[in-house]
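Undergrad: Can you look at this prediction? I've put the sequence above it.
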Amino acid sequence: MLFKLTDEQVMIQNMVREFSRKVVAPTAAERDKTREFPSDNFKQMGELGLMGMMVPEEFGGEAADAVSYVLALSEIAYSCASTSVVMSVQNSIVCESLNKFGTKKQKQEFLVPLASGEILGAFALTEPDAGSDPVSQTTTAVKDGDDYVINGTKRFITSGESSSVVLVTAKTDEAQAYRGISCFIVPKATPGLIVGHHEDKMGLRASDTTDLIFENCRVPAANILGKEGDGFKIAMSGLDSGRIGIAAQSLGVAQAAFDAAIKYAGKRKQFGVSITKHQAIRFQIADMATKIEAARQLTLSAASMKDRGEKFTREASMAKLFASEMVQEITAQAIQIHGGYGFTTDYPVERFYRDARVFTIYEGTSEIQRIVISNSVLKDKRKP
């Protein structure tokens with residue numbers, strides 16, 4: 001199915017594209033070098049309604065559909081992948097989880113400032129020894145009167161330093177396996193919540209990724225998200241939406257790398273003619289364009305299914321798998337077209353390549369996506 005965007009979706013895409021090119025792009029390369037967090041970007045993005053796009057207006061959001069969100073996120077990723085990953089976590093996992101599982105009081109207290117971009121959120125699931133297997137996490141939350149006391153360490157947390165509130169999963173009943181995992185809303189100012197090691201990353205260098213350490217961190221029982229034992233369900237639901245977000249980021253970076261390659265190839269001459277005259281380059285361009293479009297259709301399809309209220313777990317994994325692996329190829333080919341210049345920081349394609357490398361890893365590796373997809377295919381008799 002080819003998607004015909006609505007007038008409103010096109011308007012959102014154009015608005016974000018203009019903002020992204022004029023405001024986000026000019027500082028992206030420098031932020032990559034200095035690792036400066038783009039807090040000024042997020043202030044303006046909050047004012048534009050980009051930090052809580054799918055949140056109902058009642059709680060400060062824009063009530064946009066998932067397709068519009070994909071379009072907007074791709075445009076931000078086109079200019080700065082570091083900015084886009086924070087936007088993705090904020091929208092797809094943090095705001096989505098609070099909106100879906102939170103009480104009205106929790107939404108008023110936490111979702112409203114998140115949706116407006118006043119504060120940033122983080123989602124703490126991964127641990128040093130629990131990545132693809134979240135059930136093996138060892139962080140615990142023990143009930144003590146009207147509070148829960150959380151102990152444990154979370155790793156690779158996007159916006160671990162810059163966030164003001166964290167959704168953290170912890171075991172409340174060891175004997176119940178995944179049914180014994182709960183989710184808690186923890187303000188960063190809570191005593192016992194410590195920001196630990198900052199990762200020195202290959203890419204996405206302007207976004208902070210840290211450990212979060214919980215040492216007898218006491219939170220009110222009123223801060224449990226959903227019910228006790230809902231943590232695994234909340235995490236998996238958030239990751240479904242998050243995977244559409246990763247696919248959208250992949251699209252943005254791939255399109256940026258493709259456009260850069262086209263621009264360079266149009267100016268570069270070898271053997272007396274533009275290299276776009278050579279069949280080898282033209283075939284590369286054809287393959288790149290085709291793969292980007294295929295990823296776009298998968299991503300829009302998954303987002304559209306979400307908008308229709310259909311189950312989209314399989315489709316989100318398909319979009320994430322294909323788009324995240326596609327962008328590895330596109331950025332590598334963009335460097336190849338640039339030749340030796342692509343290996344230098346004089347051109348942006350080396351940054352695109354570094355930024356894109358993590359897309360096949362976080363929010364579920366490609367291997368995990370293949371497990372999700374194959375399990376669904378073998379269990380569900382739906383026609384593809």
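TA: Sure, I can see it.
Undergrad: In terms of pLDDT, where does the nearest residue to F271 once chain neighbours are set aside sit?
TA: Nearest in space to F271, with sequence neighbours left out and distances taken as CB to CB, 6 or more residues apart in numbering, is H278 at 7.8 Å. Where you see a C-beta, it was placed from the backbone N, CA and C, and this is true even at glycine. Per-residue pLDDT puts H278 at 90.
Undergrad: chain center to stretch 256-272, what's the gap?
TA: Remark: stretch 256-272 is offset 30 Å from the chain centroid, using CA atoms, centre = their mean, to the nearest Å.
Undergrad: again with stretch 184-196
TA: 22 Å.
Undergrad: try stretch 71-83
TA: In terms of CA atoms, centre = their mean, the centre of stretch 71-83 is found 10 Å from the chain centre.
Undergrad: hey, C-alpha coordinates of it in CSV?
TA: Extracted C-alpha coordinates of stretch 71-83, given in CSV (Å, rounded to 0.1, in the frame of the first residue of the first chain):
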residue,chain,number,x,y,z
LEU,A,71,7.3,12.1,9.6
ALA,A,72,8.4,14.6,12.3
LEU,A,73,10.9,12.3,13.9
SER,A,74,12.4,11.5,10.5
GLU,A,75,12.9,15.2,9.8
ILE,A,76,14.7,15.8,13.1
ALA,A,77,16.9,12.7,12.5
TYR,A,78,17.8,14.0,9.1
SER,A,79,19.6,16.9,10.8
CYS,A,80,20.7,15.4,14.1
ALA,A,81,20.4,11.9,15.2
SER,A,82,21.3,12.8,18.8
THR,A,83,18.3,15.2,19.0
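Undergrad: Buried by neighbour count: which residues of the top helix by length along the chain qualify?
TA: Secondary structure of the chain per DSSP state H: the longest helix is helix 231-267. Buried residues in helix 231-267, counted by 16 or more other CB atoms under 10 Å: 231-235, 237-258, 260-262, 264-265.
Undergrad: How much space separates the residue nearest to F271 from R268?
TA: Distance from H278 to R268, counting by CB to CB, to the nearest Å: 10 Å.
Undergrad: which residues are in contact with whatever helix or strand N375 lives in?
TA: According to DSSP states H and E, N375 maps onto helix 366-379. Residues outside helix 366-379 that contact it (CB atoms under 8 Å, 6 or more residues apart in numbering) are 132, 243, 313-314, 317-318, 320-321, 324-325, 360, 364, 384.
Undergrad: Could you dump those residues into TSV with distance to V142, secondary structure and pLDDT added?
TA: Converted to TSV, the contacts of helix 366-379 look like this (distance: CB to CB, whole Å; DSSP: H, G, I helix; E, B strand; the rest coil; pLDDT from 0 to 100):
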residue	distance to V142	secondary structure	pLDDT
S132	26	coil	86
R243	32	helix	96
T313	32	helix	96
R314	37	helix	96
S317	34	helix	97
M318	39	helix	98
K320	35	helix	98
L321	38	helix	98
S324	37	helix	98
E325	41	helix	98
T360	36	helix	97
G364	29	coil	91
P384	46	coil	51
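Undergrad: Distance to V168 added to those, as TSV?
TA: Output for these, formatted as TSV (distance: CB to CB, whole Å):
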residue	distance to V168
S132	19
R243	20
T313	23
R314	28
S317	24
M318	29
K320	23
L321	27
S324	26
E325	30
T360	25
G364	19
P384	37
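Undergrad: Which residue, neighbours along the chain excluded, lies closest to A356?
TA: Per CB to CB, 6+ apart, closest to A356 is V327, 4.4 Å.
Undergrad: Contact partners for the one you found?
TA: S250, L251, V253, A254, A257, A295, A356, F359.
Undergrad: before we move on, what about L50?
TA: V16, A72, I76, M87, N91, G117.
Undergrad: Tally up the residues packed near the second one, please.
TA: The local packing of A72 (other CB atoms under 10 Å) involves 30 other residues.
Undergrad: likewise the third one?
TA: For I76, the count of nearby residues is 28 (other CB under 10 Å).
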